[in-house]
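Q: The sequence isn't on hand, but the structure is:
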């Protein structure tokens with residue numbers, strides 16, 4: 001919502017339309033970045049390594065970052081590693097680094113370096129605990145190469161944002177010795193019913209990311225076959241993972257467990273939502289909601305919430321305007337949300353208390369943190385809006401950017417609905433994957449915990 005705009009009185013609920021959403025605008029933020037591809041093997045050697053190196057070089061040209069490649073572990077010195085924004089372990093196997101080289105790499109990660117692991121990177125350095133934590137999981141076994149369905153769980157991360165929700169592809173599908181879900185943020189998982197030989201009891205992560213001891217890490221289990229590196233979708237997946245690791249794109253890579261969907265990309269999941277006021281949201285074939293017209297609001301009428309973490313993914317096309325409303329009573333009048341709740345703003349340009357991350361007209365985000373965490377127009381962002389008692393906190397792509405406490409009894413956050421705004425004819429903002437985790441309710445005397 002902008003200061004000069006006012007929502008109209010609610011009319012008849014607008015129908016949800018089936019439409020199309022354009023792709024993201026070109027953006028990389030990778031100028032001056034440099035990546036080292038490391039492909040030394042001390043065990044099985046994949047014949048796809050040359051194709052992998054060539055693909056990363058081509059992706060560097062496309063993405064605006066320089067690429068070097070080596071199989072010389074002597075490259076792992078503090079001085080040399082400092083030249084790189086990320087190191088790609090491309091189907092490495094066995095013990096490939098000695099003690100001083102391991103120490104240099106640990107220090108590199110702890111100083112903010114990036115790691116990308118591809119396929120057999122999980123079959124590497126079993127006796128080096130730091131590396132095992134960085135990679136996220138170790139290889140256990142694999143069945144024969146075969147087609148499988150990959151379920152894309154995170155549709156905002158640059159490695160998965162342009163993939164279909166059910167990604168059909170052929171590869172050698174690893175089983176892992178442990179499930180990384182509690183430690184890392186799972187981006188995609190295997191549907192074990194779609195192929196034979198899966199051994200992870202139905203929870204089978206295959207790509208994930210995390211912030212690890214000061215650095216950024218991305219791992220994908222794909223990439224065994226030569227053909228993988230010619231697949232446009234896999235190349236996009238790999239490019240997005242590299243862009244995250246080098247810091248050219250932002251994402252929320254905290255572990256995410258215990259959420260349930262309010263909107264999962266299907267028309268059926270919209271049955272509990274209602275449109276208040278004019279305008280509408282269109283639902284595209286890829287499960288994206290995009291605002292149209294207004295001023296109005298699509299709100300979740302299925303239930304109110306008291307203490308919760310709300311997550312959703314959003315994208316603006318340009319200088320567009322929208323917001324996420326919380327803590328308002330059930331009503332077909334969108335002014336009820338304005339007058340009785342709070343809006344977490346989405347707006348590329350406005351006054352500090354009315355731009356992205358602000359609690360609209362009440363409190364600006366920390367603009368320095370916000371700017372560092374924000375992806376530009378055309379790319380997806382993730383909000384976490386956490387309400388505990390009268391405390392409202394906002395995370396953007398995993399970074400806490402606002403911490404606000406309500407003191408107005410008219411706007412109590414302790415029991416209310418959530419909704420997304422369609423701001424006007426010139427504002428097109430897209431949303432995906434609205435999900436919620438209900439939290440323990442604290443008494444007013446307890447308040448919310450001070451930690452993150």
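A: Structure received. Since we're looking at a predicted model, the values are computed, not measured.
Q: any idea how far the residue lying closest to residue 200 once chain neighbours are set aside lies from residue 352?
A: Distances taken as Cβ to Cβ, 6 or more residues apart in numbering place residue 175 nearest to residue 200, at 6.0 Å, with adjacent residues excluded. Heads up, the C-betas are built off the backbone N, CA and C, glycines and all. Distance, residue 175 to residue 352, by Cβ to Cβ, to the nearest Å: 50 Å.
Q: Neighbour count for those two, which is higher?
A: residue 175 (18 against 12; other Cβ atoms under 10 Å).
Q: May I have the residues that are in contact with the more buried one?
A: Listed by Cβ atoms under 8 Å, 6 or more residues apart in numbering, the contact partners of residue 175 are 139, 140, 141, 142, 197, 198, 199, 200, 204.
Q: Mark which of those residues are part of strands, please.
A: Judged by DSSP state E, the subset of the contacts of residue 175 located in strands is 139, 140, 141.
Q: Among the residues you listed, which one is most surrounded by other residues?
A: Highest neighbour count within the ones in strands among the contacts of residue 175, by other Cβ under 10 Å: residue 139, with 19 neighbours.
Q: Lowest average confidence across helices and strands of this structure, where is it?
A: Ranked by mean pLDDT, DSSP states H and E, the weakest helix or strand in the chain is strand 17-19, scoring a mean of 29.
Q: mean confidence score for stretch 232-251?
A: For stretch 232-251, the mean per-residue pLDDT is 98.
Q: in that stretch, what counts as buried?
A: Judged by neighbour count using 16 or more other Cβ atoms under 10 Å, the buried positions of stretch 232-251 are 233-251.
Q: again, but for stretch 313-329
A: Those would be 313-317, 320-328, for stretch 313-329 by 16+ other Cβ under 10 Å.
Q: Same check on stretch 152-172?
A: Here stretch 152-172 shows 152-163, 165, 167, 169-172 as buried, counting by 16+ other Cβ under 10 Å.
Q: and this protein, what are its domains?
A: 17-24+258-438, 34-245 (automatic domain parsing).
Q: The longest one spans what distance, first to last residue?
A: With Cα to Cα, to the nearest Å as the measure, the first residue of domain 34-245 is 11 Å from its last.
Q: ditto for stretch 254-261
A: With Cα to Cα, one end of stretch 254-261 sits 18 Å from the other.
Q: and the buried residues of stretch 313-329, which two are the farthest apart?
A: Pairwise distances across the buried residues of stretch 313-329 peak at 28.1 Å for 317 and 327 (criterion: Cβ to Cβ).
Q: so of the buried residues of stretch 232-251, which ones are in helices?
A: Judged by DSSP state H, helices contain the following of the buried residues of stretch 232-251: 233-245.
Q: Tell me where the stretch 101-250 of the chain has helices.
A: For the stretch 101-250 of the chain, the helices defined by DSSP state H, counting those that start in this stretch cover 129-135, 232-245.
Q: I'd like to know which elements the last one is packed against.
A: So that's helix 232-245. Here helix 232-245 touches helix 49-63, strand 86-90, strand 114-118, strand 166-171, strand 205-212, strand 215-220, going by 3 or more Cβ pairs under 8 Å, 6 or more residues apart in numbering; DSSP states H and E.
Q: Output these in JSON lines, with distance to residue 375 and mean pLDDT appended to each entry.
A: As requested, those are exported to JSON lines (distance: least, Cβ to Cβ, whole Å; pLDDT from 0 to 100):
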{"stretch": "helix 49-63", "distance to residue 375": "15", "mean pLDDT": "98"}
{"stretch": "strand 86-90", "distance to residue 375": "18", "mean pLDDT": "99"}
{"stretch": "strand 114-118", "distance to residue 375": "17", "mean pLDDT": "99"}
{"stretch": "strand 166-171", "distance to residue 375": "22", "mean pLDDT": "98"}
{"stretch": "strand 205-212", "distance to residue 375": "15", "mean pLDDT": "98"}
{"stretch": "strand 215-220", "distance to residue 375": "15", "mean pLDDT": "99"}
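Q: State the next helix or strand along the chain beyond the helix or strand harbouring residue 336.
A: Using DSSP states H and E, residue 336 sits within helix 334-340. Using DSSP H and E, the helix or strand that follows helix 334-340 in sequence is strand 342-347.
Q: In this structure, which residue is most central in space?
A: residue 157 (3.6 Å; Cα atoms, centre = their mean).
Q: In this model residue 239 seems to touch it, though I could be wrong.
A: No. Checked against Cβ atoms under 8 Å, the pair residue 157 and residue 239 is beyond contact range at 12.0 Å.
Q: got any residues that touch both of those two?
A: Joint contacts of residue 157 and residue 239 (Cβ under 8 Å, 6+ apart) do not exist.
Q: pLDDT of stretch 405-423, averaged?
A: 95.
Q: same deal with stretch 295-306?
A: For stretch 295-306, the per-residue pLDDT averages 96.
Q: Quick check: buried residues in that stretch?
A: For stretch 295-306, by 16+ other Cβ under 10 Å, it's 295, 296, 297, 298, 299, 300, 301, 305, 306.
Q: about what we covered before: list just the nearest of the ones in strands among the contacts of residue 175 to residue 396.
A: residue 139 (34.4 Å).
Q: next one: stretch 87-99 to chain centre, how far?
A: Distance of stretch 87-99 from its chain centroid, counting by Cα atoms, centre = their mean, to the nearest Å, is 27 Å.
Q: For that stretch, measure first residue to last.
A: With Cα to Cα as the measure, the first residue of stretch 87-99 is 18 Å from its last.
Q: So what does residue 279 have for phi and psi?
A: phi 80, psi -170 (degrees, to the nearest 10).
Q: residue contacts, it?
A: Counting by Cβ under 8 Å, 6+ apart, residue 279 touches 14, 291, 292, 293, 294, 295, 296, 422, 424.
Q: Which ones among those residues map onto strands?
A: 291, 292, 296, 422.
Q: rewinding a little: looking at the domains of the chain, which one has the lowest mean pLDDT?
A: If the domains of the chain are sorted by mean pLDDT, domain 17-24+258-438 sits at the bottom with a mean of 93.
Q: Now residue 137: closest residue in space, sequence neighbours ignored.
A: Nearest one to residue 137, counting by Cβ to Cβ, 6+ apart, is residue 176 at 3.9 Å.
Q: Distance-wise, check that neighbour relative to residue 184.
A: Residue 176 is 11 Å from residue 184, by Cβ to Cβ.
Q: shared neighbours, those two?
A: residue 205.
Q: quick one, which of those two is more surrounded?
A: residue 184 (27 against 20).
Q: Just to check, that one is in contact with residue 210?
A: Yes. Using Cβ under 8 Å, residue 184 is in contact with residue 210, at 3.9 Å.
Q: Now do the shared contacts for the two.
A: 136, 217, 253, 255.
Q: And what about the last one, helix, strand or coil?
A: What DSSP: H, G, I helix; E, B strand; the rest coil gives for residue 255 is coil.
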